[in-house]
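J.: Below is the structure, and that's it, no one-letter string:
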């Protein structure tokens, strides 16, 4: 009797093509996931930048509110010293907040596409409500509502 021996020392061309196809599909899935995660990280970084700018400026505004009296008329916030001198004012111009501090006009929010920026006095004129919305990197609106306490409000 003759025995038939089969020697397989390598892979066939068909197996190699199947392995390459499976590997290509897996690499495509991994690379698309990495690309999607990169977009999410970029959007989160932009939103962090916007919120950081807003909170920094709100902290400065709260510091001035603690030491000054204020008025709010037609979305224009004015801060006065104890002697009645205008310290700082904030108004909305062309959809962007403009700060006037000691005769200098500036916009502290750079590269932010604001949709709304609205200020209102609530709780018997003891709290300033500031509602801010902007577009994120995906073009979706993000909204932030903050409240600042008014200590020395002119009645």
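T.: Cool, got the structure. The model shown is predicted, which means the values in this text are computed figures rather than measured ones.
J.: which element is residue 32 on?
T.: helix 13-67 (DSSP states H and E).
J.: I'd say residue 57 and residue 106 touch.
T.: No - contact between residue 57 and residue 106 fails when scored by CB atoms under 8 Å: they sit 10.7 Å apart. Backbone N, C-alpha and C define where each C-beta goes, glycine included.
J.: Please enumerate the shared neighbours of these two.
T.: Common contacts of residue 57 and residue 106 (CB atoms under 8 Å, 6 or more residues apart in numbering): residue 99.
J.: Who has more neighbours out of those two?
T.: residue 57 (16 against 9; other CB atoms under 10 Å).
J.: what sits against the more buried one?
T.: Residues in contact with residue 57 (CB under 8 Å, 6+ apart) are 99, 108-109.
J.: Restricted to strands, list those residues.
T.: residue 99 (DSSP state E).
J.: Buried ones from the contacts of residue 57, can you make that a PyMOL selection?
T.: Of the contacts of residue 57, the buried ones go into a single PyMOL selection, burial set by 16 or more other CB atoms under 10 Å:
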select buried, resi 99+109
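J.: what's the closest of the contacts of residue 57 to residue 121?
T.: residue 99 (18.9 Å; CB to CB).
J.: Run through the bridge partners of the closest one.
T.: Judged by DSSP bridges, the bridge partners of residue 99 are residue 90, residue 106.
J.: Please look at it and residue 109 and confirm they touch.
T.: No - using CB under 8 Å, residue 99 makes no contact with residue 109, being 9.5 Å away.
J.: Report the central residue of this protein.
T.: Geometric centre of the chain, nearest residue: residue 47, 2.4 Å, by CA atoms, centre = their mean.
J.: Who are the contact partners of residue 133?
T.: 114-116, 141-144.
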